[in-house]
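Build the 3D model from these lines:
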Amino acid sequence: CIQQIPGVSPTNPYTTIVPLALVLLASAFKETQEDLKRHQSDAELNARKSQVLSETGSFSDVKWRHIRVGDIVRLESDDFIPADLLLLSSSEPEGLCYIETSNLDGETNLKIKQGSPKTSHMTSPQLVQRLQGYLRSEQPNNSLYTYEGTLVMTVDGTERQVPMSPDQILLRGAQLRNTPWVYGLVVFTGHETKLMRNATATPIKRTAVERQVNVQIVFLFLLLIILSLVSTIGSSIRSWFFSKQEWYLFLDAVPTNKARSFVEDILTFVILYNNLIPISLIVTMEVVKFQQAQLINSDLDMYYAKTDTPALCRTSSLVEELGQIEYIFSDKTGTLTRNEMEFRMCSVAGVMYAETSGETDNDEGSEVKRTFEELKDIAGVGSGAKALDFGGAGSGGGKESLVVKEFLTLLAVCHTVIPEVKGEKIVYQASSPDEAALVSGAELLGFRFHTRKPKSVFVEVGGTTQEFEILNVCEFNSTRKRMSTIVRGPDGKIKLYCKGADTVIFERLGPSQTYVDATMVHLEDYATEGLRTLCIAMRDIPEAEYQEWAAIYDQAAATINGRGEALDQAAELIEKDMFLLGATAIEDKLQEGVPDAIHTLQMAGIKVWVLTGDRQETAINIGLSCRLISESMNLVIVNEETAQTTKDFISKRLVAIKNQRKTGEQEDLALIIDGKSLTFALEKDISKTFLELAMLCKAVVCCELYL
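As a prediction, the model looks like this:
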């Protein structure tokens with residue numbers, strides 16, 4: 001712009017503005033292209049169509065952008081869900097359906113949703129159209145795993161309240177799978193959906209190179225101003241004080257105001273020195289970034305042939321940041337491991353069982369592992385079908401046989417798995433691969449779960465089908481760390497079956513326990529082998545106690561605000577004085593190439609931090625197997641019980657490590673910290689010390705976390 005001022009520019013008015021315009025146009029073109037792609041993607045998404053129930057009682061195609069709260073939508077298999085829906089019914093028995101939420105939380109395993117028994121009979125447009133009432137719903141929020149609401153249905157002039165939970169919510173962005181069709185009531189649309197509530201404004205990200213270039217450009221600009229000022233002052237001195245001696249240079253000069261002349265000279269020198277600012281550098285960087293993105297997209301070393309998945313660079317402006325990475329934060333399950341669980345071992349009545357027999361070593365000497373066939377014999381479903389003596393493991397074969405039967409019954413009953421018949425084989429669809437592995441383990445051991453109804457499950461034992469009435473289910477969450485199912489067995493007795501983390505199960509056991517010590521030893525052995533463990537417990541519930549508790553539970557289930565907390569409190573009342581039956585051990589194998597990938601990252605100076613819900617011993621073993629931790633590393637293990645002891649331990653270890661490194665000793669460290677200690681370590685007064693300690697370690701493993 002300065003060049004366009006008459007009498008100021010010493011060069012052609014367009015020599016600078018044209019290249020600058022080209023730079024700006026190139027950058028604007030790149031940004032416009034990326035914005036147009038995003039806009040086009042949004043437009044295509046909102047232009048998708050779903051079937052919405054019309055006033056005539058038929059379904060018609062409506063664009064997603066026109067779907068409104070209160071509409072009833074029909075979805076078919078493999079359809080993406082257009083809004084947050086309340087599942088009313090489906091083609092499956094009892095209103096079941098399967099969804100995949102990989103677009104929401106990255107998990108590829110199918111999740112089970114089930115409509116309320118009060119609405120699951122609405123399997124035709126005519127029945128759905130008769131639905132009258134209203135929904136009392138929670139406010140829109142970003143929590144993907146919670147929902148509290150009550151569907152108030154008007155039936156024959158009377159209002160009926162139907163509590164709704166996360167089991168009935170289908171979230172926008174999820175995909176319907178393995179279900180021919182479902183009917184859903186629209187609860188939230190647009191920016192009120194949980195998916196959009198989790199979306200944040202795209203931050204403006206600057207790479208390290210861009211920040212460095214910006215600083216240098218500012219420095220060059222200041223240098224330009226200084227040079228222009230110095231040159232202008234020199235020119236002014238020459239003009240004002242030596243004009244008489246050099247009068248022949250000013251024959252054509254027009255007398256002007258000195259101040260105006262000074263300003264014009266500054267602008268003239270700015271134009272002369274403007275090449276100090278590297279305009280072409282910006283264009284060069286943009287071209288290089290674009291080319292780097294194309295190289296990433298076409299890199300055969302990053303192409304996965306099995307699924308025909310190439311690398312995809314979505315944002316070319318951040319490519320060079322890949323070379324600046326110092327830390328990688330990773331989950332274990334499904335990231336480092338395959339998330340394909342396999343039932344490997346179990347401990348029942350203080351005795352260890354595995355697929356093959358053998359000996360295992362522990363602190364108390366060696367112990368013989370029994371086979372699964374022997375376990376089936378004790379349960380009365382094997383080829384031997386007899387009660388064996390445990391050789392001192394318990395008080396007698398008869399009691400152990402009952403414990404084994406209860407153990408296997410629990411595995412076959414205490415879950416939310418849905419059996420799906422494919423040919424002659426039953427495939428278990430579960431919200432968690434662990435649950436599917438446990439049910440498959442029960443089937444392997446002769447207790448075959450084959451049918452689920454809303455209020456009962458059917459298990460085949462020794463060729464005879466037994467029905468267990470499901471009275472209540474206290475579901476697993478990150479706070480409870482356990483799941484309980486209250487059932488009425490074929491004999492009419494009410495029993496509580498519970499499975500969960502060893503810490504929470506042991507806290508809720510009754511006073512008379514026979515197998516705790518042996519089970520704890522087995523848990524340590526399983527953890528050492530890198531297996532995922534759960535403890536199994538039960539208790540008999542008298543009829544009167546159950547009826548009293550059921551009233552409390554039903555009241556908690558009808559709560560609108562704080563339903564989750566109310567249900568957890570109700571569960572606490574019944575989950576007590578349990579009897580420990582044993583423990584399970586599940587294997588989750590590492591992904592192909594994980595050890596080499598982690599080792600390569602560490603060789604490049606990149607530190608890897610891993611989160612897992614496994615026990616400390618399991619986490620350490622997995623760390624060793626995936627080469628995150630090496631045998632030569634010094635392990636800094638933090639598993640304290642209070643905030644003060646955690647603070648003291650971290651502070652002392654940090655001082656010791658610093659002193660050691662001052663002497664020149666550079667020892668590789670790995671930090672292992674459990675969930676409780678991590679909670680204390682993140683408190684304000686110690687968080688900086690903890691961070692400093694963690695940054696000194698080559699690897700960090702946070703275990704026993706439930707997110």
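
center of the chain, which residue is that?
By CA atoms, centre = their mean, the chain has its centre lying nearest to Asp105, at 5.1 Å.

Next one: that one relative to Gly334, how far apart?
Using CB to CB, to the nearest Å, we find Asp105 at a distance of 10 Å from Gly334. Heads up, the C-betas are built off the backbone N, CA and C, glycines and all.

about what we covered before: residue contacts, the residue nearest to the centre of the chain?
Leu144 (CB atoms under 8 Å, 6 or more residues apart in numbering).

can you check Ala571 too?
474, 480, 484, 553.

any idea how far Asn339 is from it?
Separation of Ala571 from Asn339 (CB to CB): 27 Å.

what residue ranges in the stretch 351-500 of the chain score low on pLDDT?
Low-confidence segments of the stretch 351-500 of the chain, defined by pLDDT under 70: 357-368, 382-397.

let me redo that: the stretch 551-700 of the chain
For the stretch 551-700 of the chain, the ranges with pLDDT under 70 are 560.

Let me see the contact set for Ser280.
So Ser280 contacts 19, 23 (CB under 8 Å, 6+ apart).

could you dump the host helix or strand of it to PDB, C-alpha only?
Here Ser280, judged by DSSP states H and E, is contained in helix 279-297. In PDB, the C-alpha atoms belonging to helix 279-297 read as follows (Å, rounded to 0.1, in the frame of the first residue of the first chain):
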ATOM      1  CA  ILE A 279       7.500 -13.100   1.600                       C
ATOM      2  CA  SER A 280       8.300 -16.200  -0.500                       C
ATOM      3  CA  LEU A 281       9.100 -18.200   2.600                       C
ATOM      4  CA  ILE A 282       5.500 -18.500   3.500                       C
ATOM      5  CA  VAL A 283       4.600 -19.900   0.100                       C
ATOM      6  CA  THR A 284       7.500 -22.300   0.200                       C
ATOM      7  CA  MET A 285       6.400 -23.600   3.600                       C
ATOM      8  CA  GLU A 286       2.800 -24.100   2.400                       C
ATOM      9  CA  VAL A 287       4.000 -26.000  -0.700                       C
ATOM     10  CA  VAL A 288       6.400 -28.200   1.400                       C
ATOM     11  CA  LYS A 289       3.600 -29.000   3.900                       C
ATOM     12  CA  PHE A 290       1.200 -30.000   1.100                       C
ATOM     13  CA  GLN A 291       3.900 -32.200  -0.500                       C
ATOM     14  CA  GLN A 292       4.600 -33.800   2.900                       C
ATOM     15  CA  ALA A 293       0.900 -34.600   3.300                       C
ATOM     16  CA  GLN A 294       0.800 -36.300  -0.100                       C
ATOM     17  CA  LEU A 295       3.900 -38.400   0.800                       C
ATOM     18  CA  ILE A 296       2.200 -39.500   4.000                       C
ATOM     19  CA  ASN A 297      -1.000 -40.500   2.100                       C
END
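
need the next SSE after it, C-terminal direction.
Downstream of helix 279-297 (by DSSP H and E), the next one is strand 327-331.

Quick check: neighbours of that next one in the sheet, parallel or antiparallel?
Strand pairing for strand 327-331, using DSSP bridges, gives strand 607-611 (parallel).

top helix in the protein by residue count?
helix 208-241 (DSSP state H).

Next, the buried residues of it.
By 16 or more other CB atoms under 10 Å, the buried positions in helix 208-241 come out as 209-210, 213, 217, 224, 228, 231-232, 235, 239.

list the helices and strands it packs on?
Under the contact definition 3 or more CB pairs under 8 Å, 6 or more residues apart in numbering; DSSP states H and E, helix 208-241 sits against helix 258-272, helix 279-297.

now it against helix 279-297, angle please.
170 degrees (axes from the mean of the first three to the mean of the last three CA atoms, to 10 degrees).

domains in the protein, as residue ranges please.
49-197, 282-324, 337-588, 593-703 (automatic domain parsing).

Quick check: the nearest residue to Asp265 once chain neighbours are set aside vs Val701, distance?
In this structure, Asp265 finds its nearest non-sequential neighbour in Thr232, 4.3 Å apart by CB to CB, 6 or more residues apart in numbering. Here the criterion is CB to CB. By it, Thr232 lies 64 Å from Val701.

Okay, now the unreliable bits of the stretch 151-300 of the chain?
202, 240-258.

what do you get if the cut-off is 50, keeping everything else the same?
Under the criterion pLDDT under 50, no range of the stretch 151-300 of the chain is flagged.

Can you show me the helices along the stretch 451-600 of the chain?
Secondary structure of the stretch 451-600 of the chain, counting by DSSP state H, counting those that start in this stretch: helices at 502-507, 516-528, 543-557, 563-574, 594-603.

Out of those helices, indicate the one that is most buried.
Greatest average neighbour count among the helices of the stretch 451-600 of the chain goes to helix 516-528 (a mean of 20), per mean count of other CB atoms under 10 Å.

Packing partners of that one?
strand 337-348, strand 351-354, strand 358-362, helix 502-507, strand 532-541, strand 579-590, helix 616-625.

returning to what we had before: identify, out of the helices and strands packed on helix 208-241, the most deeply packed stretch.
Highest mean neighbour count among the helices and strands packed on helix 208-241 (mean count of other CB under 10 Å): helix 258-272, a mean of 16.

So which elements touch that helix?
Using 3+ CB pairs under 8 Å, 6+ apart, helix 258-272 sits against helix 208-241.

The helix it packs on versus helix 258-272: what angle between them?
Using the same axes, to 10 degrees: helix 208-241 against helix 258-272 is 140 degrees.

from the middle of its chain, how far away would helix 208-241 be?
Relative to the centre of its chain, helix 208-241 is centred 52 Å away, using CA atoms, centre = their mean, to the nearest Å.

do the same with stretch 505-512
Taking mean C-alpha positions (CA atoms, centre = their mean), stretch 505-512 and its chain are 32 Å apart.

which outside residues touch it?
Counting by CB under 8 Å, 6+ apart, residues outside stretch 505-512 touching it are 482, 498-499, 516, 535-537, 539, 575-580.

if we can go back for a sec, distance to Glu667 added to the buried residues of helix 208-241, as CSV?
Listed next are those as CSV, based on distance: CB to CB, whole Å:
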residue, distance to Glu667
Val209, 34
Glu210, 37
Val213, 39
Ile217, 43
Leu224, 51
Ser228, 56
Ser231, 59
Thr232, 61
Ser235, 65
Ser239, 71
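
nearest to Lys662, of the residues you listed?
Val209 (34.6 Å; CB to CB).

who's in contact with the closest one?
Contacts of Val209 (CB under 8 Å, 6+ apart): 285, 320.

Kindly provide the distance from it to Gln324.
In terms of CB to CB, Val209 sits 9 Å off from Gln324.

Likewise for Glu704?
In terms of CB to CB, Glu704 sits 32 Å off from Gln324.
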